[in-house]
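Student: Give me a 3D structure for the following:
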Amino acid sequence: MFADYKKAGVQAIEISFGHKLNKDLDYAEIKRLSDIYGIELWSYHLPFCPFSELDLSHPDLCDHTVEYFKGLIKEGSSIGIKRFVVHSSGEPICDEQRATHLECSKRSLARLAEYADRFNGIICVENLPRSCIGRNSEEMLELLSAHENLRSCFDTNHLLSLEKPHEYIRKIGNRIVTLHISDYDFLDERHWLPGEGDIDWQKLYQALCKIGYNGVWMYELSLESPQSIVRERELTRSDFVINAREIFEGKPLTVRGTRIEGLVDWIERYRKTQQKKAF
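Tutor: Numbers count the residues shown, from 1 in each chain. Predicted structure coming up:
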């Protein structure tokens, strides 16, 4: 994987593994490979599911989650990682419980910020979709107010229809220190390649330039085609580099996939049905 990144021209990655895989993670080997291939370990996305076990906003789960995250922050810091991306809550969260979850999340994030500071690390709070805490700029600013060292990871496809990406960027400003780049249709998170969805990428990119953003352009999507997209082939890591250059240079985006009309809506209805059954 590292060799493939190097060949494609990728310069930095984010470590992101599921809850169960983290216990077997060989941090020293990851560091060794990053040094060999010259790939920066830019950030570490701490686990965020299952929600029944990990949730910074849940009064019954927050202490366990904070302590678990502290261990991962210590391990990540040992190989030079400085940015730790966290989800401020699980879901679903009903309106009646929202204030309670928000305050609990703020306390948890403040504790993590204090701990990460021991290693010169930064907690990057990610904006989240649907009923999660941190779903718009107002809630994100409230979360960040919990500690002066807290910063934000901006996920470009998590705002749904609540705010336009460029407006969110303007409001959060220079507290955005890292990104999760992908496209969507303003209905639900899709994690499509930029150009396959409806984001105005030039407007988003210019908004980042205006706030002085100088971090990485970190893609967060699969090489495999999602159910709602038909591509001529699976993506390669070189496609990410090509896509980024087109955005930076203001060129038309090379679109690799086409939406399957009607299927996106069907998947959305099915997902909501299954979510109701689960909770």
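
Student: Can you dump the C-alpha atoms of stretch 241-260 in PDB for me?
Tutor: The C-alpha coordinates for stretch 241-260 follow below in PDB (Å, rounded to 0.1, in the frame of the first residue of the first chain):
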ATOM      1  CA  VAL A 241      -3.800  13.000  -7.200                       C
ATOM      2  CA  ILE A 242      -5.300  13.800 -10.700                       C
ATOM      3  CA  ASN A 243      -8.600  14.900  -9.100                       C
ATOM      4  CA  ALA A 244      -6.800  17.200  -6.600                       C
ATOM      5  CA  ARG A 245      -4.700  18.800  -9.200                       C
ATOM      6  CA  GLU A 246      -7.800  19.600 -11.300                       C
ATOM      7  CA  ILE A 247      -9.400  21.300  -8.400                       C
ATOM      8  CA  PHE A 248      -6.300  23.300  -7.400                       C
ATOM      9  CA  GLU A 249      -5.800  24.400 -11.000                       C
ATOM     10  CA  GLY A 250      -9.500  25.200 -11.600                       C
ATOM     11  CA  LYS A 251      -9.900  22.700 -14.400                       C
ATOM     12  CA  PRO A 252     -13.000  20.600 -15.300                       C
ATOM     13  CA  LEU A 253     -13.100  17.500 -13.200                       C
ATOM     14  CA  THR A 254     -12.500  14.100 -14.800                       C
ATOM     15  CA  VAL A 255     -15.700  12.300 -13.700                       C
ATOM     16  CA  ARG A 256     -15.100   8.500 -13.300                       C
ATOM     17  CA  GLY A 257     -18.600   7.500 -12.300                       C
ATOM     18  CA  THR A 258     -22.300   8.100 -13.100                       C
ATOM     19  CA  ARG A 259     -25.100   8.100 -10.500                       C
ATOM     20  CA  ILE A 260     -27.700   5.400 -10.900                       C
END
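
Student: who touches it?
Tutor: By Cβ atoms under 8 Å, 6 or more residues apart in numbering, the list of residues contacting stretch 241-260 from outside reads 8-10, 185, 192-196, 201-202, 205, 217, 219, 225, 227-233, 235, 239. Heads up, the C-betas are built off the backbone N, CA and C, glycines and all.

Student: swap in stretch 10-28?
Tutor: Counting by Cβ under 8 Å, 6+ apart, 5, 30, 34, 38-45, 47, 49-50, 53-54, 72, 75-76, 78-79, 81, 85, 178, 216, 218, 220, 237, 240-241 sit against stretch 10-28.

Student: Now intersect these with the helices, please.
Tutor: Counted as lying in helices by DSSP state H, out of the contacts of stretch 10-28, are 5, 30, 34, 72, 75-76, 78, 237, 240-241.

Student: Check the offset of stretch 101-119 from the chain's centre.
Tutor: 18 Å (Cα atoms, centre = their mean, to the nearest Å).

Student: what number of residues lie near the closest residue to S77 other than its chain neighbours?
Tutor: Residue nearest to S77 in three dimensions, not counting chain neighbours: F119, with 3.6 Å by Cβ to Cβ, 6 or more residues apart in numbering. Residues lying near F119 (other Cβ atoms under 10 Å) number 16.

Student: rewinding a little: where helices are concerned, which of the contacts of stretch 241-260 count?
Tutor: Residues of these located in helices (DSSP H): 8, 201-202, 205, 239.

Student: which of those residues are buried?
Tutor: Listed as buried from those are 201, 205, 239; burial here means 16 or more other Cβ atoms under 10 Å.

Student: Now render the residues you listed as CSV, adding pLDDT and distance to T258.
Tutor: Converted to CSV, these look like this (pLDDT from 0 to 100; distance: Cβ to Cβ, whole Å):
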residue, pLDDT, distance to T258
W201, 98, 18
Y205, 98, 24
D239, 97, 15
